[in-house]
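# Dropping the sequence and predicted coords here.
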Amino acid sequence: MSKPLMILIAGPFRSGTGDDPELLARNLARLEEVAWPIFRSGHVPMIGEWVALPVLRGAGGKTVADPIAKEIMYPTADRLLHHCDAVLRLPGDSAGADQDVAIALSRGLAVYHRVEDIPGYQAA
């Protein structure tokens, strides 16, 4: 492998949380669990919320339920996918993650469903 891939980690964030901050944090932690294996395997992990949440706060949003969030959350993932090489789709219902996969496929990007399937995967 000559170049590290930037891999967008896509999975449930808001789904099933009722926007409860504790449940949102738990879902973000689930997304982050695969960041280390991706990095250890020579790639750059990316999670849309790592970018979108600070932008949301900068725009005056307090929570993901704020009206301004619609202008930030999904568009951030779309913009990131112009820079990513692949998507890792984690299990679970998520309209946003499904949208990320659809965008990735329309742009010819690889979509993985298991971290073990990414090129150069290094087991712990």
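All right, it came through fine.
# Run through who's touching stretch 12-29.
The contact list for stretch 12-29, computed with CB atoms under 8 Å, 6 or more residues apart in numbering, reads 11, 30-31, 47, 49, 63-65, 90, 92-97. Every C-beta, even on glycine, is put in place using the N, C-alpha and C of the backbone.
# which residues of the chain fall in strands?
6-10, 44-46, 86-89, 110-112 (DSSP state E).
# Convert the first one to CSV, retaining C-alpha atoms only.
Backbone C-alpha positions of strand 6-10 (Å, rounded to 0.1, in the frame of the first residue of the first chain) are rendered in CSV as follows:
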residue,chain,number,x,y,z
MET,A,6,-8.8,8.3,4.6
ILE,A,7,-11.7,6.2,5.8
LEU,A,8,-15.0,7.7,6.9
ILE,A,9,-16.5,5.7,9.7
ALA,A,10,-20.3,5.6,9.2
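# Which strands border it, and is each parallel or antiparallel?
Strand 6-10 sits in its sheet next to strand 44-46 (parallel), strand 86-89 (parallel), going by DSSP bridges.
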